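K.L.:
Predicted model and sequence follow; I will ask about them next.
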Amino acid sequence: MRYVLILLVVLLFASCDSSRVYEQQVDFDRAWIVTDKPRFDFEIKDHTQVYSLYYTVRNSLDFPFSRLFVTYTLQDSTGIQLRQELVSNYLFDQKTGEPQGSSGLGDLYDHRFPLVTNYQFERPGKYSITLEQFNRRDTLDGVLAVGARVELAKR
């Protein structure tokens, strides 16, 4: 009986997010250093589908700015760059300074920001997203983790 209950709980959590194709994050030691350029490798099996790509951020109140600047690079398995762009997103309200995002424990906040929506890959295969921080400091205090998420786009 106990094993059946555990299996049901696992299946419940696994089925909650049927649009997710890939999701991973890299944890930092309370700061994102400019030389840290996390790379997330994923596989696209069905290139006829349309996908949305996101990056995720977990930050604390120690983050010194209201917004975060990130350059993302999307590459195929041969290293060919498919897209690269500098994106900017607010972690704190511009006027009030109140933290945005969903709050987990205490002063930690999680965010999910779109990189590319309704994207169709040319072929099945392995791809990667690399994230680089481009703020005014080499060390961004208060960034605890960044990640990448690929999901089926909602049509």
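P.N.:
Cool, the structure landed. Residues are numbered from 1 along each chain as shown.
K.L.:
where's the nearest residue to Phe92 once chain neighbours are set aside relative to Pro99, distance?
P.N.:
Distances taken as Cβ to Cβ, 6 or more residues apart in numbering place Ser66 nearest to Phe92, at 4.4 Å, with adjacent residues excluded. In this view, the C-beta of every residue, glycine as well, is placed from N, C-alpha and C. Distance of Ser66 to Pro99, given as Cβ to Cβ, to the nearest Å: 10 Å.
K.L.:
Looking at the two, which one has more neighbours?
P.N.:
Ranked by neighbour count (other Cβ atoms under 10 Å), Ser66 and Pro99 place Pro99 first, with 18 against 15.
K.L.:
contacting residues for the more buried one?
P.N.:
For Pro99, the contact set (Cβ atoms under 8 Å, 6 or more residues apart in numbering) comprises 61, 91-93, 107, 109.
K.L.:
go again using 10 Å as the cut-off
P.N.:
Pro99 makes contact with 59-61, 63, 66, 91-93, 107-109, 111 under the criterion Cβ atoms under 10 Å, 6 or more residues apart in numbering.
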